[in-house]
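J.: Any chance you can model this:
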Amino acid sequence: MATADRILTWFIESVDRDGTEQGPVYYLERDYTPLALRILARRTPDAGPITVDILDDGVSILADASRLEKGDTAEPDADAFPLNPGTIAAGSVVTLDITSSGGAHGITVQLELEAE
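T.: Residues are numbered from 1 along each chain as shown. A predicted model of the protein is given here:
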């Protein structure tokens, strides 16, 4: 696996609502290729899995739903989540949607990027 040149990090202590644009919004100043995605939780989801989506100008970069299963606190393999191939273009705005928190707290999502 290639080494990341930039890592976008979202930390959500307590999800007040499932849905769009949780945490910071990132502007990318150059072209990047997504390498890997990691989801961690301080308090494990107990009501169901955490499911997330990462959006590039409102369009998902994930090939499939990315989730951390009920009872898990970390996904050890950052490349286990299916990312759509391709480039996130310079000038893109990247956001996080938490489509279901599963009751977890202290959620961290990291997107590893390689510069073009």
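J.: Following element in sequence after the lowest-mean-pLDDT helix or strand in the chain, please.
T.: Lowest mean confidence among the helices and strands of the chain (mean pLDDT, DSSP states H and E): strand 66-68, at a mean of 85. Next in sequence after strand 66-68, counting helices and strands by DSSP states H and E, comes strand 93-100.
J.: residues of that following strand that come out buried?
T.: 94-96, 98-100 (16 or more other C-beta atoms under 10 Å). For glycine as for every other residue, the C-beta is placed from the backbone atoms N, C-alpha and C.
J.: same check, this time on stretch 60-74
T.: The neighbour-count check on stretch 60-74 (16+ other C-beta under 10 Å) flags 61-62, 66-68, 72 as buried.
J.: okay if I get these as TSV plus distance to Ala78?
T.: Listed next are those as TSV, based on distance: C-beta to C-beta, whole Å:
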residue	distance to Ala78
Ile61	14
Leu62	13
Ser66	11
Arg67	14
Leu68	12
Asp72	14
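J.: related to what we said a few turns ago, for the least confident helix or strand of the chain, packing partners?
T.: When contacts are defined as 3 or more C-beta pairs under 8 Å, 6 or more residues apart in numbering; DSSP states H and E, strand 66-68 sits against strand 32-43, strand 50-56.
J.: Give me the distance from the shortest one to the chain's centre.
T.: When C-alpha coordinates are averaged (C-alpha atoms, centre = their mean, to the nearest Å), strand 50-56 and its chain have centres 5 Å apart.
J.: Residues contacting it, please?
T.: 34, 37, 39, 41, 60-62, 65-68, 88-89, 92-102, 104, 107, 109, 111 (C-beta atoms under 8 Å, 6 or more residues apart in numbering).
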